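Asks: Got a predicted model here, sequence first, then my questions.
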Amino acid sequence: MVADRAFLGGSAGGGRMNVREERGSGTVLVLIAMMVLFATAVAGVVLGNGYVARHRATAAADLAALAAAGQVLGPQQPCSVAEDVAIQNQAQLVDCVVQGSEVEVVVEVTITGPHLGLDDPRRRARAGPADLDTTET
């Protein structure tokens, strides 16, 4: 009879489960869920910091190139103007090339906060006069 109960899914001890064996399993599951939630939050912060830094680098490169292009025929050196604008936008000017009336700059922004190995974003921008064709066809 005891063998029949064990075979049918019951326990040999009269059908009752030992509660001591299951004690604390809910705590372990909650801890695992909290660790997964924490890891997801950290990943979100890291990716968010990288995303913000990338956009800051793009804006700094665009502004630095426009400011430098405005000084190609002006009294100041275009690349020093680009460097000043990059610094004001918490970026570092990596490269500046003036070709005729066009200026191309490369800036880099440091990721603030946790970044877990993400590289600091570099962005390139070019500015100069627009090619306007005033002849009618």
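Replies: Nice, thanks for sending it over.

Asks: which stretches of the protein have low pLDDT?
Replies: Residues of the chain that meet the criterion pLDDT under 70 lie in 1-21, 131-137.

Asks: Can you name the next helix or strand after the top helix by length along the chain?
Replies: Counting by DSSP state H, the longest helix found in the chain is helix 25-70. Counting by DSSP states H and E, the next helix or strand C-terminal to helix 25-70 is helix 78-88.

Asks: what comes up buried for that following helix?
Replies: P78, C79, V81, A82, E83, V85, A86 (16 or more other C-beta atoms under 10 Å). C-beta here means a position set from N, CA and C on the backbone, and glycine is covered the same way.

Asks: for stretch 32-44, same thing?
Replies: Of the residues in stretch 32-44, none is buried (16+ other C-beta under 10 Å).

Asks: Please state the offset of that stretch from the chain centre?
Replies: Stretch 32-44 has its average C-alpha position 17 Å from the chain's average C-alpha position, going by C-alpha atoms, centre = their mean, to the nearest Å.
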